[in-house]
Structures are given as structure tokens and as C-alpha cells.
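**Q** coordinates for the following, if possible.
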Amino acid sequence: MDGIAWPSREYSVHWVSRVGDWHFCFCRRRCLPDSSFYHALAALSFSVELAADAFLKSFGCYQVKPSELTLPSFAKINWSLRVLGKRPDAYHEVSTVLQTVSLHDELTFSARIDDQLVLTCKDKNLPVDKTNLILQAAFALREHLQLKLGATIDLRKRIPAKAGLGGASSNAAVALLGLSHLWQVDVTTSELMRIGLDKF
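**A** Purely as a prediction, here's the structure:
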């Protein structure tokens, strides 16, 4: 991948911080733009837990409880994409410039008293077994941290499947973030990126 284009600002900035650019929506409630959570995570020295806390406390339409939280999972578009060739591991080298858009799924993470990892979704066309990247990410994180904790993950799907909008990959990335926060583990963004690179 050659680069990532951060979304341009379409409003006047009232205050800029490491958790994104604050602005006021029509109801005068202070909000973050759709992509600001990813801006916050781009600062690798800023912990995942602090970034998630700042996002959840500021974005009024998303809720957090001691044992439950809901996070958005944004789609992306490719401004350019060139397939360079097939690698020995059957993946392809690509040259691309991509950008997040406002279209998003929602993932709700709930703690469990057992060690089961359960995925639910009202869209019956989507698999909810281990073939889904969300559960693959959950098992990979738990294996990396050597934990025996469980969670129920509910997916509210809006991004069309297999449409080239990165919905599955985005879901997996948010699963790593959400479970890290739910389980209150000490893990860095670079560790999560390494899990994604090794497992997906």
C-alpha cells in the first residue's frame, strides 16, 4: 500500500486535539467527525484505551457501559488501485490510495460470564461462525493475550458485503479495538496492527 488519504475537513475547526477535530452539530452538541477515531489511533503513542474512551465519551450516539460498548466500523473507497502481482503466499501486492467514508456498520460488544466468543447479526446472509473475520480477530486477540475471557458481538450491517468497501476488514479491526477496551487489557496500537498483519 502506498498511502492513506485522510478525509478533508468540511467544517470550521473549533478545537484540534489528539482525539480529532471537534465541531458542533445542528443540535449544538459537541461531536467528532466520522473518521476522527482513526485519526486518534494514528498517534501510536496514544493508547487504544484512551483513544476509545475519548471517542465514546464525545460521540453522543454511541454508548458505553461497564460491560457493553458500541463502536462504528467505517467503509472505505479506493481513489486508485493497481494490482502489481501475486505473491508466493497467494495474496496480491497492490498500489492504492484509500479513504474512509461516513457509511458504517455498528458493532456492540457485551461481556459474558463464560469464555465463549459469540457473533450475532440480523442479516441471515452473513456467516456468524469462524469464517467471519470478526470472530477470527477475536480469537486471534485472545490467543495473543493468552486470555480466557468471552464476549458477545452483535453486528448491525449497513456496508454491502463483497462490494469492495472494506466492510469485513473494517469489522475485524474494530473487533480488535472493541474487545481490547471491553476486556480492559494493556495492548498497544502497534500490537493490534501486528495481529491484523499476521492473521489476516
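
**Q** and the helices in the protein, which stretches?
**A** Under the criterion DSSP state H, the chain contains helices at 36-42, 48-58, 133-145, 167-182, 189-199.

**Q** so which elements touch the longest one?
**A** Based on contacts counted as 3 or more C-beta pairs under 8 Å, 6 or more residues apart in numbering; DSSP states H and E, the elements that helix 167-182 packs against are helix 48-58, strand 68-86, strand 92-111, helix 133-145, strand 151-156, helix 189-199. C-betas here are computed from N, CA, C, even on glycine.

**Q** residue ranges in the chain under the pLDDT threshold?
**A** Applying pLDDT under 70 to the chain flags residues 1-66, 200.

**Q** hmm, try it at 50
**A** Scanning the chain for pLDDT under 50 picks out 1-49, 51, 56-62, 64.

**Q** need the phi and psi values for Trp183.
**A** Per-residue torsions, Trp183: phi -80, psi -10 (degrees, to the nearest 10).

**Q** surely Val187 meets Leu145?
**A** Yes - counting by C-beta atoms under 8 Å, Val187 does reach Leu145; the two are 6.8 Å apart.

**Q** what about the two, which has more around it?
**A** Val187 (20 against 17; other C-beta atoms under 10 Å).

**Q** now the more buried one: closest residue in space that isn't a chain neighbour?
**A** Nearest non-adjacent residue to Val187, counting by C-beta to C-beta, 6 or more residues apart in numbering: Ser180, 5.1 Å away.

**Q** measure how buried Ser80 is and give me the count.
**A** A count of nearby residues for Ser80, using other C-beta under 10 Å, gives 12.

**Q** so it bridges to which residues?
**A** Bridge pairing for Ser80 (DSSP bridges) gives the partners Val97.

**Q** repeat that for Leu71.
**A** Leu107.

**Q** again, but for the one 5 residues further on
**A** Beta-bridge partners of Lys76, counted by DSSP bridges, are Thr100.

**Q** check the burial of it by counting its neighbours.
**A** 20.

**Q** my read: it touches His104, true?
**A** No - applying C-beta under 8 Å as the test, Lys76 and His104 come out as separate, 10.4 Å apart.

**Q** which neighbours do the two have in common?
**A** Jointly contacting Lys76 and His104 under the rule C-beta atoms under 8 Å, 6 or more residues apart in numbering are Ser170.

**Q** next, the distance between the ends of stretch 83-99.
**A** 18 Å (C-alpha to C-alpha, to the nearest Å).

**Q** give the buried residues for it.
**A** Leu98 (16 or more other C-beta atoms under 10 Å).
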